[in-house]
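**Q** Next one to model:
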Amino acid sequence: MLLEEYRQLLIQTTNEVYPKYIQNHILKGLEKEEIVKDDGNLSLYDDSVDLSELPDEEKLAASIQQSSKVAKFIEEWEFTKHYKYSIVFKCDSFDEKILSTAIHKGEILNFTSSNDSFDELVSTKRNGFGEMEFAESVKPTKYETDEFLFLKFNIKYQFNSFQEGRITKLKYPILVVFFKELNIFEIRFDKIKNSYKDKDTLYVDNISMIHRWLRNILKLNISNVNLEPKIESICKDKTNNVVVHSQCMSLRTGGKATLEVGGNADNLLPILGELKELMKRNKLLFDESEEIKELLEDFISDTEETADLPWIALRWTNDVKAKEIIVKFQHRYMGADYSLLQYFGSQTQVERMNYVTKYLIEN
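**A** Model (predicted):
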């Protein structure tokens, strides 16, 4: 892909995909690295992009257009940014020799800060069996830290809007994150607008496509992580800082209820949680009528044990409200034998994702 075409694709992506607060987050990072300057204070030999006289809504696009360093900054940021969704998998110990061979054969690109080399984008298509596959030879980009090894698959999507009379081209990274000390990896990705999806199963199909590449090229033995018993154990542990934020219950009667804690200080779920608290606060009264007490306890226990939980959201509490983490777990997502993690709130701090993944594996 030519550099000018790549720049236009990044401009469309940042405008179409990233909300204003993330665009501002990118701009602040560019300012910190002095790739752009917003105060007009440029020296004679300063190659920073001057944004001082541009309206806010044009600054990021102008930065991408005027400096190749901005494209490299975004490419590196895509490794360390927060994503909306993730799925955790187990794998065997990583074989560095196989990885090195793949790099030597040109099947994987090493990330470089050089402005002469950029991510290679690849399109996807469905084969005759309806499976998602790469339309061309794919070369994910590798990036490494002391704790993680990243492989970024750079998908190129094109959407034709006949109503608006325009074609939208987007860069859609799918990030594979290997936790070096845990023999697990996580696949992270962002939301795709429903109008852009060819099928509701697009996320699951993309995961299967990535799995096939990892098995074929890196010879990984991949298995699912069963998070349901882990989540159940975490919920029952009263000594941790994790509480149920909300949950969906499919009852054996055929009914379905969505329960949310809301703003109550005791973090009680409606109905069952409140009923437990009512019995606790009126213990003496209920102790006087063992039959009623037993009926209510059986009702609560039976409902909790027989109800199916299509999804549950947990909240990692913090004295500082802005630092709390809320994650929704959709078990058996789209019929697959794994759980989809969906993060809520501001998506600028990847440390939250790393913390949650380690917490789930280590507890």
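**Q** and Phe178, bridged to which residues?
**A** Leu149, Phe185 (DSSP bridges).
**Q** ok, it - contacts?
**A** The contact partners of Phe178, by CB atoms under 8 Å, 6 or more residues apart in numbering, come to 91, 94, 148-151, 184-185. The way it works is simple: take the backbone N, C-alpha and C, and place the C-beta from them, glycine included.
**Q** Now which of these would you call buried?
**A** Among these, those buried by neighbour count (16 or more other CB atoms under 10 Å) are 91, 148-151, 184-185.
**Q** Quick check: pLDDT value at the spatially closest residue to Phe329 that is not a sequence neighbour.
**A** Excluding the flanking residues, the one nearest Phe329 by CB to CB, 6 or more residues apart in numbering is Ser339, at 5.0 Å. You'll see Ser339 listed with a pLDDT of 93.
**Q** My guess is Ser339 contacts Glu228. True?
**A** Yes - using CB atoms under 8 Å, Ser339 is in contact with Glu228, at 7.2 Å.
**Q** Those two: which has the busier surroundings?
**A** Ser339 (25 against 13; other CB atoms under 10 Å).
**Q** Against Gly106, how distant is the more buried one?
**A** 35 Å (CB to CB, to the nearest Å).
**Q** Run through the stretch 151-300 of the chain and note the low-pLDDT ranges.
**A** 161-164, 249-279, 286, 295-300 (pLDDT under 70).
**Q** what ranges do the strands span in it?
**A** Secondary structure of the stretch 151-300 of the chain (DSSP state E, counting those that start in this stretch): strands at 166-179, 184-189, 222-224, 242-250, 256-260.
**Q** Quick check: chain neighbours aside, which residue is closest to Leu30?
**A** Leu30 sits nearest to Val36 (CB to CB, 6+ apart), 4.5 Å away.
**Q** Spit out the contact partners of the one you found.
**A** By CB under 8 Å, 6+ apart, the neighbours of Val36 are 27, 30, 48-51, 59, 63, 67, 70.
**Q** hey, what's it bridged with?
**A** Applying DSSP bridges, one finds that Val36 bridges with Val49.
**Q** how's this structure carved up into domains?
**A** For the chain, automatic domain parsing gives the domain ranges 3-80, 85-224, 228-330.
**Q** Present those domains as JSON lines; the columns should include distance to Thr348.
**A** What follows is the domains of the chain, written out as JSON lines (distance: least, CB to CB, whole Å):
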{"stretch": "domain 3-80", "distance to Thr348": "5"}
{"stretch": "domain 85-224", "distance to Thr348": "13"}
{"stretch": "domain 228-330", "distance to Thr348": "11"}
